[in-house]
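> Show me how the following folds:
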Amino acid sequence: MTKSLYDSKYQYVLGILTSARENIGLSQRKLSEILGRTPSFVGKYENGNRRLDFGEVISIAKILKIDIHKLVDKVMKM
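Down below sits the predicted model:
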């Protein structure tokens, strides 16, 4: 199993997280504040410069009101 930032499944998850954030009008800065992280945190993962662990994906998905179960189901079917 690859841990690459360029893995298609990982890129799909990043796309979902980024689109959801943009669709609700939440800035990268505001999301980082809610997460208690530095402002560059969101930019780095959205730009593919930082890999998220699964716990971080869950935390972000919860804030963005993404059903993590549906997201995992979609990724598993890829």
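> Can you show me the helices along the protein?
Under the criterion DSSP state H, the chain contains helices at 8-23, 28-35, 39-46, 54-63, 68-76.
> Excluding chain neighbours, what is closest to residue 34?
Of all residues not flanking residue 34 in the chain, residue 63 sits nearest, at 5.6 Å (Cβ to Cβ, 6 or more residues apart in numbering). C-betas here are computed from N, CA, C, even on glycine.
> For residue 6, see how far away that neighbour is.
Residue 63 sits 25 Å away from residue 6, going by Cβ to Cβ, to the nearest Å.
> So which residue is dead centre in this protein?
Geometric centre of the chain, nearest residue: residue 17, 4.0 Å, by Cα atoms, centre = their mean.
> where does the protein have low pLDDT?
Residue ranges of the chain with pLDDT under 70: 1-5.
> related to what we said a few turns ago, neighbour count: residue 63 and residue 6, which is higher?
Neighbour count, other Cβ atoms under 10 Å: between residue 63 and residue 6, residue 63 has more, with 17 against 8.
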